[in-house]
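sharing a sequence plus its predicted fold:
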Amino acid sequence: MSTKSTLSKTEQAVLDAANDPILKKMLEQERIESEEVDISLLFRLLSYLKSHRGLTSLCFGLSLIEALLMTMPAYAIGLAVDIVRSGAGSRGTGRGLDGILDGAATAIGGLVFSGQALDARTLIMSYGILILSLWTGRWVVATTTTYCVRMLGQRIVHDLRMDVYNHIIAMDMGYFHKNPVGRLVNRTAFDTNTLSEFFSDALAQGTRDILFVLVLIVVMLTLDVPLALVLLGTFPLLIISGDVYRRVARPAMRTTSAVVSRMNSWLAENIAGMRENQLYKVEPKRSGEFGALTDAHQHSVKRWIQAWGLLRPVMMGFCAIATAMVLWLGYERVLTGAVTVGVLLTFLRYTTRLWVPIRNLAEKFSLIQTALTATERIFDVLDTPTQMKTSEDADLTLDVERGDIAFEQVRFGYPAKPDEEVLRGISWSAAKGEMIALVGDTGAGKSTIAHLLSRFYDVTEGTVRIDGRDVREYDLGKLREGIAIVPQDVVIFAGTVRDNITLGLEVSDDVVWEAARAVCADRFIDRFEDGLEHIMDEGGRTLSAGERQLLSFARALVFNPPVLILDEATANVDTETENMIQEALARLTQGRTSVVIAHRLSTIREADQILVLRHGEIIERGRHEELLEQGGEYARLYELHMSD
C-alpha cells in the first residue's frame, strides 16, 4: 500500500471547503492506494470464502441453476413459435435443449389435456404452462440463493471484523498515536459494513448475472454464430467505459473515505468535549466547523456521482445499438432462411435480457468500487505489522514471578521523533517488594519508564530486565500478566462494576470484594443497591475522579501481579480519597515491586528509593529524608508541593 503526496483538484476543493488543517494530514495519511490491481484485491477478499466452502459451493450451485432457468423462457418462446408455424417437431433434431423443452411441453400437454390431440392451440397452452413452471422454479431458486448468499456474506464480514479488531488490539502504542480513534472505528465498523453490502448485494446478484451471461453466450452461439458475435462485439466497449468510470470514481471515493474518517473523529472529539463547548459558548463555531466538513463531503462525492451519471446512459446507448444491429442482421438472415423467426425472436429477447444483467452490474459498479476502496483500507490495517510482538527467540515458559526490576544504561526515543532521546542512559534496580518512586517535571521521562517496563515500546539501547531476564525474552502476554498499571486517566467501560474490575474475566466474588476492600473502593460500591451488579454509565460519569481511581486500583489488584505501576494515580483525587489511598498503599505494595510515578510527593515518603529525573537523566536518588537533606531538586519539588 502507498500514499500520494500531491493533491488532486477534487482534494484541493475538499480542503478549501473544510478549511481544516487536520483533514489535509488525514488525506495524506489515509488515502490508501493499493499497488494491487482491482482483480487482485477482489481475489484476496474472496479468499475469505475458503473458510465456508460448503455454503460457498451451495450458493454457486444455486446461482448456476438460476442462470440456466433464466435462459429457458425466451428459448421456449422461440421454439414454440417455430413449432406452431411449421408443425410439431419440425424445428431442430429433437436433440439437445430443443428436445428437452419440446419433450417437457409435450408431457405437460399429455397430463393437462389428456385424451386431446396436441394441436397448435393446446401446444401453445402447454408451452405457456412450461414457461410458468420455469419462472416459478427460478423464483424458488432465487429466493433460496438470496438467503444463502446473504448468510455467507454476513459470515465473511464477521470474519473480517474479527481479523481487523484482533489485529488492531495487537498493535503497538505508536500505531495508536499515529491513527486517531475515528479512523480505526471506520476501518472496523464502517468499512466492513460496506463489504457486507458488497457480499449481500453485489456479489449475490453479480455471480448470478455473470453466470447468466456465460450461459447465454453458449446458447446464442449454439443458435446462430453471426448474431451472437454482433452482441459479443459490444463487450469491449462496455469494458472500456467501465474502466474509465473506475479511474475517475476511485480517487474520489478514496477522498470521500478520508473525509468521513475526519468527520467521525471530529464528532467523537466534540461530543466528548460538549461540556467545554457549552461552557465557553463555542457552539456556533463548532457548528460552522461541522458544516464545513459536510460541505467538504459534498465536494468529495460530486466527482464520482458525475462519473456514474455518465456511465449509465452510455451503457443504455450501447444496448440500443446492439438491439438495432441484431434486428437488422436477423431480418436479413430470416429472409435467406439461415435462421427461423423463432430464433430471431429468441435473440431479440436475449438482447434485452443480456443487457439487464450488464445494466445490473453497471449499477452495482459504484458499490463494487466503494467495496474495493474499503478493501484497500482494511488490508492496509491488516498489512501493517505491529512493532511490538513476542520475539522469535523468546522463552514461552517464562513467567514474572519475583518482580525484580533492572534498567541498564537504557536510552530511548519515541518512533515519531527518534532523534529526540527521552531517556539518556539511565540505570536503576529494585528488588522484590521494594517501592521505587519516580519524580520530576513534566517530560522528564517518568511515564516512558513505565511504558518500557510493560514493553509497550522497546529500548533504543541498553536493557530492561525483570527477574534477571530481558523483557524481550518473555512472551508478551505473560510479561504483561505479571504487571498491573494504574494510570492517571482511568477508562471506565459501560457495564457493571464487576465487569469494570474484572474486565469480563471469570473471577469469584470473594476475590473481587477483597481487591475492592484493599483499596477502600468498597465504601462507594456499598452505596449501590445492586453492589457489584450496578451498571455504570459510559465513562463512569456518575463517579467522582477519586472513585474512578479507586476502581482502577481494584482492577489492577484483582489479578495480584508481582509488579505494580502507579502512573500518577493520585493526581486527580481529593484529600479525603488521598488519605484512603495512603491507608491502602501499604497493603497495595506489600509483597510486590511497586513503581510509583507521583506529583503528590506525600504518597512516596515511605518509598525504598526515589529517583529524580530531569531531561531523561537521573540527577538524584535516595530515600525521602536523604534527598531533603541534600537540598537539591527533590527538596525544591517538595517545597513547591508543601506550599500548594
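Thanks, I have the structure now.

please make it C-alpha for all contacts and neighbour counts, starting now.
Fine.

what is the neighbour count of residue 170?
13 (other CA atoms under 10 Å).

and the gap between it and residue 176?
To residue 176, residue 170 is 11 Å away according to CA to CA, to the nearest Å.

quick one: the strands in the stretch 501-644 of the chain?
For the stretch 501-644 of the chain, applying DSSP state E, counting those that start in this stretch gives strands covering 535-536, 563-567, 593-597, 609-614, 617-622.

would a markdown table of these with mean neighbour count, mean pLDDT and distance to residue 290 be doable?
Formatted as a markdown table, those follow (neighbours: other CA atoms under 10 Å; pLDDT from 0 to 100; distance: least, CA to CA, whole Å):
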| stretch | mean neighbour count | mean pLDDT | distance to residue 290 |
| --- | --- | --- | --- |
| strand 535-536 | 18 | 82 | 30 |
| strand 563-567 | 25 | 87 | 36 |
| strand 593-597 | 27 | 89 | 39 |
| strand 609-614 | 23 | 92 | 42 |
| strand 617-622 | 18 | 92 | 45 |
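
with distance to residue 437 added, can I get these in CSV?
Below are the strands of the stretch 501-644 of the chain laid out as CSV (distance: least, CA to CA, whole Å):
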stretch, distance to residue 437
strand 535-536, 33
strand 563-567, 9
strand 593-597, 5
strand 609-614, 5
strand 617-622, 10
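
for residue 486, find the nearest of these.
Closest to residue 486 of the strands of the stretch 501-644 of the chain, according to CA to CA: strand 563-567, at 4.9 Å.

distance of the residue nearest the centre of the chain relative to residue 503?
Computing the C-alpha centroid of the chain and ranking residues by CA atoms, centre = their mean puts residue 188 first, at 2.3 Å. Plainly put, residue 188 is 21 Å away from residue 503 if you go by CA to CA.

flag every buried residue along the strand or helix carrying residue 248.
Assessed by DSSP states H and E, residue 248 sits inside helix 235-272. Within helix 235-272, the residues that count as buried by 16 or more other CA atoms under 10 Å are 238, 241-242, 245-246, 249-266, 270.

for it, name the packing helices and strands.
helix 21-30, helix 181-185, helix 283-335, helix 365-382 (3 or more CA pairs under 8 Å, 6 or more residues apart in numbering; DSSP states H and E).

now that helix against helix 365-382, angle please.
60 degrees (axes from the mean of the first three to the mean of the last three CA atoms, to 10 degrees).

just give me how far helix 235-272 sits from the chain centre.
On the basis of CA atoms, centre = their mean, to the nearest Å, helix 235-272 sits 16 Å off its chain's mean C-alpha point.

give me the contact list for the very next helix or strand once past it.
Beyond helix 235-272 on the C-terminal side, the first helix or strand identified by DSSP H and E is helix 274-279. Helix 274-279 has contacts (CA atoms under 8 Å, 6 or more residues apart in numbering) with 270, 283, 286.

over to stretch 60-71?
134-135, 137-138, 141-142, 144-145, 207-209, 211-212, 215-216.

now restrict these to buried residues only.
Among the contacts of stretch 60-71, those classed as buried by 16+ other CA under 10 Å are 134-135, 138, 141-142, 145, 207-209, 211-212, 215-216.

which of those residues fall within helices?
Among these, the residues falling in helices (DSSP state H) are 134-135, 138, 141-142, 145, 207-209, 211-212, 215-216.

distance to residue 621 for those - can I get that in CSV?
Formatted as CSV, these follow (distance: CA to CA, whole Å):
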residue, distance to residue 621
134, 89
135, 87
138, 83
141, 79
142, 77
145, 73
207, 71
208, 75
209, 76
211, 77
212, 80
215, 83
216, 85
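
list of residues touching stretch 559-566?
400-403, 450, 481-487, 556, 589, 591-598.

so how do I select the buried members of the residues you listed in PyMOL?
Selecting only the buried members of those in PyMOL, with burial defined as 16+ other CA under 10 Å, works like this:
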select buried, resi 400+402+403+450+481+482+483+484+485+486+487+556+589+591+592+593+594+595+596+597+598
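
the contacts of stretch 559-566 in helices, which ones?
Per DSSP H, those map to helices at 450, 481, 556, 589.

check contacts around the last one.
Counting by CA under 8 Å, 6+ apart, residue 589 touches 433, 434, 435, 564.

pretty sure residue 537 sits against residue 494.
Yes. Look at residue 537 against residue 494 with CA atoms under 8 Å: they come within range, at 5.4 Å.

what's the overlap in contacts for these two?
With CA under 8 Å, 6+ apart, residue 537 and residue 494 have no common neighbours.

taking helix 283-335 as reference, get the angle to the helix holding residue 248.
Here helix 235-272 points in a direction 160 degrees away from that of helix 283-335 (the same axes, to 10 degrees).

give me the element residue 421 is part of.
Assigned by DSSP H and E, residue 421 belongs to neither a helix nor a strand.

any idea how far it lies from residue 482?
Distance from residue 421 to residue 482, by CA to CA: 28 Å.

and for residue 377?
35 Å.

what is the burial count for residue 425?
Using other CA under 10 Å, residue 425 has 17 neighbouring residues.

can you verify it is assigned to a strand?
Yes. Under DSSP: H, G, I helix; E, B strand; the rest coil, residue 425 sits within a strand.

got a list of what it touches?
408, 409, 410, 411, 461, 462, 617.

then residue 159?
Neighbours of residue 159 in contact, by CA under 8 Å, 6+ apart: residue 48.

pLDDT at residue 56, what is it?
Looking at residue 56, its pLDDT is 88.

do the same with residue 88
pLDDT at residue 88 comes out at 48.

next one: residue 462
Residue 462 carries a pLDDT value of 93.

got it, and residue 602?
69.

could you do residue 588 as well?
On the pLDDT scale, residue 588 gets 68.

could you verify that residue 407 is part of a helix?
No. Counting by three-state DSSP, one finds residue 407 to be strand, located in no helix.

wait, doesn't it sit right on residue 426?
Yes. Proximity of residue 407 to residue 426 meets the contact threshold set by CA under 8 Å, at 6.9 Å.

neighbour count for the two, which is higher?
The residue with more neighbours, out of residue 407 and residue 426, is residue 407; 21 against 18, by other CA under 10 Å.

show me what contacts that one?
426, 427, 428, 429, 462, 463, 464, 465.

any low-confidence regions in the stretch 401-550 of the chain?
For the stretch 401-550 of the chain, the stretches with pLDDT under 70 are 538.
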